[in-house]
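Trainee: from the sequence below, what's the structure:
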Amino acid sequence: MAIRKRMGEIRAAIQGRRRGIGHSFFARSGIPTVNRFAAVLLLCVSPIACEKAPSDETPGDGAGSARPNIVFIVVEDLGPRIGAYGDPLAETPNIDQLAAEGITYTNVFTSAGVCAPSRAALMTGVHQQALGAQHMRTSSFGRERAGPLGTFGTDGFAYEAVPPPDVKAFPELLRANGYYTTNNSKTDYQFGQPFTIWDENGRDADWRHAPAGQPFFAMFSQNLTHESRLFIPAHATATDDAAGRAREHAERLALLGTRTDPAAVIVPDYLPDTPLVRQEIAQHYDNIRLMDDWVGEQISLLEEEGVLDETVVIFTTDHGDGFPRAKRFIYDSGLHVPFIVRYPDGKRAGAQDDRLVSFVDVAPYFLHMTGTPSRSFIQGRNVFDDDTPQRRYVFAARDRLDEHPDLSRAVRDERYKFIRNQMPERALFAPLYFRENLGSMQELRRLAASGDLPERLSHYFAVPRVPEELYDTETDPHELINLAADPEHRETLLRMRSALDDWLRRTGELGREGERAMVLAMWPDGEQPVTLAPLVTSSDENGGRSVNLSSPTTGASIAYRFSGEEGWRLYTGAVSIPAGTTLEAKAIRYGYAESVSISYP
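Mentor: Here you go, the predicted model:
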């Protein structure tokens with residue numbers, strides 16, 4: 001597969017699909033069409049086993065082999081600004097080629113509009129507020145930051161969320177099922193970095209290290225489209241390294257040669273149309289070009305190594321665009337993401353699929369694809385399987401954003417979005433030290449101060465906020481016309497309210513009494529609990545020695561290695577110790593500190 005083709009060479013292959021998407025999904029999206037123990041302590045509010053997927057042990061159709069390799073590409077801060085999704089301004093030949101050879105899912109939504117809570121749900125198949133991982137981010141709780149609008153902070157202390165004890169990240173479950181798992185390299189899960197999830201984790205992790213005959217799961221994160229890549233040096237003042245990051249990225253962009261013309265972009269209605277905003281959107285498209293080149297390199301490597309035809313390749317993003325009123329928000333601009341699946345056997349190549357998908361559905365999808373038994377804690381379901389009941393609704397949550405407390409919940413069906421704001425005393429746009437580095441954010445503040453902010457955006461800084469919002473995403477894709485008080489939409493409002501309430505009852509919410517109380521339930525007296533060391537029981541076996549490992553800490557995962565080994569093997573059952581070697585083992589419960597290591601004999 002010549003994945004690095006130029007856009008012109010593949011335009012004909014995707015033109016028909018682009019027309020179909022452009023007049024349906026893409027027009028609605030608003031993107032330019034032209035140019036624990038904690039659960040018990042918190043009154044058992046997290047019934048974690050809701051919406052569970054069936055236990056499937058047969059790999060999904062299209063995998064191409066009984067145990068396919070999987071490459072999972074998750075880039076950052078990007079909505080469906082992809083050529084294959086109907087955006088003619090986006091130069092994405094590699095991703096478009098992937099779409100031409102795969103399935104383009106047009107209605108995939110993250111569970112949060114910001115990275116860390118979204119990743120917590122993605123990695124576990126559990127909504128972040130049922131894990132205690134809903135706040136962005138756990139490590140910034142109580143941290144003070146200085147920005148151009150003052151010093152900001154929260155009354156608390158940094159922590160790691162402690163999910164209910166049965167929760168495991170899906171790569172660990174794949175690993176227990178015989179997969180070699182690698183991650184390059186973001187681990188923004190909110191519950192620490194458990195060493196049992198990955199065989200290799202970090203910038204040097206490489207799926208090519210998988211032993212011969214062992215299938216691999218490789219996850220890649222890429223930040224070329226991240227919000228910080230939009231910082232303009234002249235405006236990057238909120239953090240010490242912001243201006244340096246911006247200068248470094250400007251040098252990278254200079255290598256592109258031609259740049260996106262700001263006059264060619266379409267400014268979404270939720271932003272003001274000014275030269276600075278246009279410049280920022282144009283730079284986002286330049287960043288997308290850089291990212292697409294990187295995607296092509298990853299796929300070319302699979303092809304060069306001769307494994308592309310044994311590998312499922314999936315492309316998505318962690319949430320929507322990095323602009324104000326997109327990132328950190330639970331409007332579609334912050335939740336709606338591209339999701340492309342290329343199967344090695346060409347299953348449904350070139351197809352567009354409009355089914356509703358939530359990020360919590362991805363974990364059970366991977367389990368099904370690899371023949372890994374599902375787990376009862378998973379709240380998503382494998383909606384990618386036509387035999388599984390499809391979704392009527394997807395759900396999302398917005399909680400503390402760095403130093404800005406908030407509490408909003410959302411439900412969406414194929415057409416309508418309902419949002420409940422439970423802290424209306426908080427402005428929609430509060431000062432956030434990081435976001436203030438964006439030129440567009442400073443432009444919004446300038447216009448608000450001068451009284452020139454467009455009327456449609458005047459509520460951005462208003463207090464109180466409306467307690468309820470209802471939008472028709474078909475007629476109002478930017479979600480600016482609130483229908484909650486419209487009598488003609490009363491029935492829809494009641495239905496969406498009921499759907500949201502039912503979801504919250506089923507999935508549960510840790511932290512209803514506040515973040516500090518939640519943290520103290522997870523970390524008594526503010527101290528991180530420590531996983532207890534594994535216990536060893538042994539028996540003689542044909543002249544050798546076999547051991548079983550267990551942990552006194554409920555929910556802990558255990559790993560071990562033999563003397564002379566560097567990496568850790570995930571413990572799944574009795575281990576035979578070769579003569580003359582020593583076994584070392586340690587344990588970790590998510591959110592806890594890992595145990596001390598023990599040796600045997």
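
Trainee: partners of the closest residue in space to Q528 that isn't next to it in sequence in the sheet?
Mentor: Spatial nearest neighbour of Q528, excluding adjacent residues (C-beta to C-beta, 6 or more residues apart in numbering): A593 at 5.2 Å. Placement of C-beta: from N, CA and C, glycine included. With DSSP bridges as the criterion, A593 is bridged to V530.

Trainee: next one: A593 from A556, what distance?
Mentor: The gap separating A593 from A556 is 11 Å, by C-beta to C-beta, to the nearest Å.

Trainee: what does G591 give?
Mentor: Taking C-beta to C-beta, one finds G591 at 11 Å from A556.

Trainee: just Q129 next, same as before
Mentor: 23 Å.

Trainee: higher neighbour count, these two?
Mentor: Q129 (29 against 23; other C-beta atoms under 10 Å).

Trainee: just the pLDDT at the closest residue to that one other than its chain neighbours, thanks.
Mentor: In this structure, Q129 finds its nearest non-sequential neighbour in E509, 4.8 Å apart by C-beta to C-beta, 6+ apart. The confidence metric pLDDT takes the value 92 at E509.

Trainee: for E509, grab the count of nearby residues.
Mentor: 20.

Trainee: got it, and A485?
Mentor: Neighbour count of A485, defined by other C-beta under 10 Å: 11.

Trainee: and stretch 524-539, what's its mean pLDDT?
Mentor: So the average pLDDT for stretch 524-539 ends up being 95.

Trainee: give me the residues contacting it.
Mentor: 157, 159-160, 162, 519-520, 522-523, 545-553, 556, 558, 571, 583, 585-589, 591-598, 600-601 (C-beta atoms under 8 Å, 6 or more residues apart in numbering).

Trainee: which ones among those residues map onto strands?
Mentor: 545-550, 558, 583, 585-588, 598, 600 (DSSP state E).

Trainee: export the residues you listed as CSV, with columns for pLDDT and distance to M291.
Mentor: Formatted as CSV, the ones in strands among the contacts of stretch 524-539 follow (pLDDT from 0 to 100; distance: C-beta to C-beta, whole Å):
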residue, pLDDT, distance to M291
R545, 83, 51
S546, 91, 49
V547, 95, 47
N548, 96, 47
L549, 97, 42
S550, 97, 45
I558, 98, 38
L583, 96, 44
A585, 98, 41
K586, 98, 37
A587, 98, 38
I588, 98, 33
I598, 97, 44
Y600, 94, 47
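
Trainee: now the two most distant members of those residues.
Mentor: R545 and I588 (24.9 Å; C-beta to C-beta).

Trainee: between the two, who's got more neighbours?
Mentor: Between R545 and I588, I588 has the larger neighbour count (other C-beta under 10 Å), namely 24 against 18.

Trainee: picking up where we left off before, wait, which of the ones in strands among the contacts of stretch 524-539 is closest to P93?
Mentor: I588 (42.3 Å).

Trainee: contact partners for the closest one?
Mentor: With C-beta under 8 Å, 6+ apart, I588 has these contacts: G192, P194, F195, T196, T531, A556, S557, A559, E594, S595.

Trainee: ok, the last one to A169 distance?
Mentor: Okay, so that is S595. Counting by C-beta to C-beta - S595 and A169 are separated by 18 Å.

Trainee: looking at these two, which is more packed in?
Mentor: Using other C-beta under 10 Å, the more surrounded residue of S595 and A169 is A169, with 26 against 21.

Trainee: what is the burial count for the nearest residue to the more buried one once chain neighbours are set aside?
Mentor: Closest residue to A169 apart from its sequence neighbours, by C-beta to C-beta, 6+ apart: M123 at 4.4 Å. Neighbours of M123 under the rule other C-beta under 10 Å: 26.

Trainee: in three-state terms, how would M123 be classified?
Mentor: Of the three states, M123 takes helix according to DSSP: H, G, I helix; E, B strand; the rest coil.

Trainee: just checking, it touches F170?
Mentor: Yes. M123 lies in contact with F170 (C-beta atoms under 8 Å); the separation is 6.4 Å.

Trainee: so what sits against both of these two?
Mentor: A363.

Trainee: can you give me the helices in the stretch 51-200 of the chain?
Mentor: 93-100, 115-124, 170-176 (DSSP state H, counting those that start in this stretch).

Trainee: so which of those comes closest to V360?
Mentor: Per C-beta to C-beta, nearest to V360 of the helices of the stretch 51-200 of the chain: helix 115-124, 5.3 Å.

Trainee: chain center to the closest one: distance?
Mentor: 5 Å (C-alpha atoms, centre = their mean, to the nearest Å).

Trainee: ok, now stretch 396-414?
Mentor: For stretch 396-414 - counting by C-alpha atoms, centre = their mean - the centre lies 15 Å from the chain centre.

Trainee: again with stretch 555-568
Mentor: 28 Å.

Trainee: again, but for stretch 485-493
Mentor: With C-alpha atoms, centre = their mean, you get 33 Å for stretch 485-493.

Trainee: and it, end to end?
Mentor: Start and end residues of stretch 485-493 are separated by 9 Å (C-alpha to C-alpha, to the nearest Å).

Trainee: and it, what's buried?
Mentor: Residues H489, T492, L493 are the ones in stretch 485-493 that count as buried (16 or more other C-beta atoms under 10 Å).

Trainee: contacts for it?
Mentor: Y416, F418, E468, L470, D472, L483, A484.

Trainee: ok, and the most crowded of those?
Mentor: F418 (25 neighbours).

Trainee: right, I'll call it a day here.
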